[in-house]
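Peer 1: how would this look folded up:
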Amino acid sequence: MSKLKISELFYSIQGEGRYQGVPSVFLRTFGCNFKCAGFGMPRGELSNERNEIKIEEYTDYKMLPLVSTGCDSYASWDPRFKHLSHYYDSDVLVTKILDLLPSGYWEEEHLVITGGEPLLGWQSSYPDLLNHEFMEHLKYITFETNGTQKLSIDFYNYLLNWLSKGDREITFSVSPKLPNSGEIYEEAIKPDVVLQYQEIGYTYLKFVVATEQDVIDAEDAERKFRAHGFRGPTYIMPVGGVTNIYHLNTKNVALAAMKRGWRYSARLQCDLFKNEWGT
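Peer 2: Below is the predicted model:
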């Protein structure tokens with residue numbers, strides 16, 4: 001039986017993108033190919049905030065401090081915090097999921113598989129989870145991905161088969177990393193990968209921005225995706241894993257979205273829960 005290394009498993013409302021406000025179970029896997037240390041920093045500089053956290057002081061994920069710069073889910077990929085994530089087989093994981101659902105079984109709730117980068121190393125493990133008898137009534141899955149990891153042939157075919165069984169839907173919420181993330185553009189913007197997702201399910205782009213230059217970068221990236229045949233909508237969302245940073249630019253980002261005919265995505269987890277772990 002396959003196992004998944006899970007950083008967080010919690011029940012909340014979807015705070016971003018297409019399904020804002022929808023009750024969802026969030027399954028956060030461990031591991032990512034990016035660090036996104038540039039978020040919230042002056043352009044060209046990288047955050048060292050997560051490295052200043054003394055790991056010996058924390059024995060539980062929910063005890064970890066939030067960061068105002070860099071990746072706000074740093075503990076889901078930084079090897080220094082890997083001891084806080086645990087391996088679960090599908091039986092144990094499904095039991096934990098059902099315990100989170102209000103009725104104890106799937107109704108209209110969504111499953112959000114996020115990270116880290118959930119498509120990086122776990123594709124072969126998801127079928128065991130999704131094939132479980134108590135996952136049969138799950139109808140909606142969202143993969144929150146950075147858009148750099150192609151689906152393996154086996155997982156691609158598995159998802160097509162999963163969709164064929166009843167009224168089901170798969171969404172790919174793709175957040176390509178712009179230069180403000182600190183990642184290399186050519187490694188982050190992968191239209192061919194995103195087009196593969198588009199063959200499977202509803203796919204949209206969600207860029208994280210703070211400044212006018214970030215918005216210009218998002219325009220450039222979107223043009224590249226469109227030139228390769230991407231057809232889905234584009235969202236822009238304010239930078240900010242903590243409320244004081246997030247609220248600095250929400251209005252300006254909304255106005256930038258309106259000007260370009262894009263969609264605006266809030267971060268409801270910041271507005272409602274101050275982006276605490278498990279929200």
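Peer 1: What helix or strand is the residue nearest the centre of the chain located in?
Peer 2: In the chain, the residue lying closest to the centroid (Cα atoms, centre = their mean) is E144, at 3.3 Å. Here E144 sits within strand 140-145, counting by DSSP states H and E.
Peer 1: Please export the C-alpha coordinates of that strand as PDB.
Peer 2: C-alpha atoms of strand 140-145 as PDB (Å, rounded to 0.1, in the frame of the first residue of the first chain):
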ATOM      1  CA  TYR A 140     -14.400  17.400  -6.800                       C
ATOM      2  CA  ILE A 141     -10.700  17.500  -6.700                       C
ATOM      3  CA  THR A 142      -8.400  20.500  -7.000                       C
ATOM      4  CA  PHE A 143      -4.600  20.200  -7.500                       C
ATOM      5  CA  GLU A 144      -2.900  23.400  -6.400                       C
ATOM      6  CA  THR A 145       0.300  23.300  -8.400                       C
END
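Peer 1: and it, how far out from the chain's middle?
Peer 2: 8 Å (Cα atoms, centre = their mean, to the nearest Å).
Peer 1: Can you spell out which helices and strands pack onto that strand?
Peer 2: strand 110-114, strand 169-174 (3 or more Cβ pairs under 8 Å, 6 or more residues apart in numbering; DSSP states H and E). Where you see a C-beta, it was placed from the backbone N, CA and C, and this is true even at glycine.
Peer 1: partners of the last one, with directions?
Peer 2: Right, strand 169-174. Strand 169-174 pairs in its sheet with strand 140-145 (parallel), strand 202-209 (parallel), by DSSP bridges.
Peer 1: average model confidence for the last one?
Peer 2: Read it as strand 202-209. Mean pLDDT, strand 202-209: 97.
Peer 1: do stretch 81-101 as well
Peer 2: Stretch 81-101 comes out at a mean pLDDT of 97.
Peer 1: low-scoring stretches of this structure, by residue?
Peer 2: The model of the chain has no residue with pLDDT under 70.
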